[in-house]
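K.L.:
could you work out the structure for the sequence below:
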Amino acid sequence: MAKKERKLTPAEVARRERYIEISRRLAEEGYKKTELTVGVVKANILAYIVMLPFAVAMLIIFFAVNPIDGLDSSVTMKKYILFLLGIIILAVIHEGIHGLTWGAFAEEHLKSIQFGIIWKMLTPYCSCCSPLKRWQYVLGSAMPTLVLGFGLAAVATALADFLMFALAELMIFGGGGDFIIICKTLAYKSGGGELLFYDHPYECGVAAFEKQ
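P.N.:
You can find the predicted model right below:
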C-alpha cells in the first residue's frame, strides 16, 4: 500500500513550487539532485539519542563547577512561568538565528528566508529558499544550538543559574533534528563536482545538487 502523503500548507505548496523551479534550472545547468531526508518520527527519536551525550556532558560540567548543595533548588510559580516563557522565546530565537545565518549567505539574503508556525504542533520554523554551499548550510543549521544550547549552558554554568541551564539543555535537545540533517549533509559523498544544498521545502532534510 502506498504511503499517504500529508496535506501541505499553502506556504509549503509555494516553497515546493519554488523548489521544483530551482531544481529544473539547476538540472539545465548540469546539476544532479539527491534528496537527503529523514522521516519526522525517526528524526524526533534520533534527535534525543544523538544529543543525549552532549546534554549529559554539559550537566557533568555544570555540577563539577557548581556543587548541588550550593544551588538555589526552590521551585516557585514565578520560576515556573519564567521557564515556560523562556522555552517559547528561545524557540522563536532559535529559528531567527537560522534565518539570520542562512540569510547572510543566500542569494537574496533575508528575502530567501521564510518563517512560519506549524499550528498542529505549535512549532515555529525557518526555511531557506536559496541554494547554499555545504559549509554555509551546515553553519546555519548548527548556529542556534551552538548559541542557545552550548553557549547559554556555558553562561549558566558561570552564573550558577540552574533555571537558565535547564533551558540551555532543552535547546541542546531541540537542536537534535538540525544535528541529524547536518550529519546527512556532511556524510554526502561528492564526486568532485560543484556542490549546492537546498533546504527541503516540506520534508525534514535537504537536497544536494552536484554539477556533473
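K.L.:
can you show me the helices along the protein?
P.N.:
Under the criterion DSSP state H, the chain carries helices at the ranges 10-28, 40-65, 77-105, 134-144, 152-159, 162-174, 176-187.
K.L.:
format the ones you listed as TSV; extra columns: distance to E203, mean neighbour count and mean pLDDT.
P.N.:
Heads up, the C-betas are built off the backbone N, CA and C, glycines and all. TSV is the format used below for those (distance: least, CB to CB, whole Å; neighbours: other CB atoms under 10 Å; pLDDT from 0 to 100):
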stretch	distance to E203	mean neighbour count	mean pLDDT
helix 10-28	10	14	88
helix 40-65	8	14	89
helix 77-105	16	15	91
helix 134-144	15	20	94
helix 152-159	29	18	95
helix 162-174	19	21	93
helix 176-187	10	18	90
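K.L.:
quick one: which of those helices is nearest P124?
P.N.:
Nearest to P124, of all the helices of the chain, is helix 77-105, at 4.8 Å by CB to CB.
K.L.:
now the angle from the closest one to helix 162-174?
P.N.:
Inter-element angle recorded for helix 77-105 and helix 162-174: 40 degrees (by axes from the mean of the first three to the mean of the last three CA atoms, to 10 degrees).
K.L.:
helices and strands around helix 77-105, which ones?
P.N.:
Helix 77-105 sits against strand 113-118, strand 123-128, helix 134-144, helix 162-174, with contacts defined as 3 or more CB pairs under 8 Å, 6 or more residues apart in numbering; DSSP states H and E.
K.L.:
ok, and what's touching the last one?
P.N.:
This means helix 162-174. 47-48, 51, 54-55, 58-59, 62, 66, 71-73, 79, 82-83, 86-87, 90-91, 94, 144-145, 148-153, 155-157 (CB atoms under 8 Å, 6 or more residues apart in numbering).
K.L.:
repeat that for stretch 136-151.
P.N.:
Stretch 136-151 has contacts (CB under 8 Å, 6+ apart) with 54, 58, 90, 93-95, 97-98, 101-102, 105, 128, 132, 168-169, 171-172, 174-175, 178-179, 181-182, 185-186, 197, 199, 206.
K.L.:
and stretch 113-127, by the same measure?
P.N.:
By CB under 8 Å, 6+ apart, stretch 113-127 touches 9, 11, 15, 91-92, 94-96, 98-99, 102-103, 106, 128-129, 199, 201.
K.L.:
name the nearest residue to the residue nearest the centre of the chain, sequence neighbours excluded.
P.N.:
In the chain, the residue lying closest to the centroid (CA atoms, centre = their mean) is D178, at 3.6 Å. Spatial nearest neighbour of D178, excluding adjacent residues (CB to CB, 6 or more residues apart in numbering): S141 at 4.7 Å.
K.L.:
is K33 bridged to anything, and to what?
P.N.:
F209 (DSSP bridges).
K.L.:
that one and V56, how far apart?
P.N.:
38 Å (CB to CB, to the nearest Å).
K.L.:
got it, and Y198?
P.N.:
Using CB to CB, Y198 is found at 34 Å from V56.
K.L.:
Y125 too?
P.N.:
28 Å.
K.L.:
quick one: R18 from E95, how far?
P.N.:
Distance of R18 to E95, computed by CB to CB: 19 Å.
K.L.:
repeat for F165
P.N.:
22 Å.
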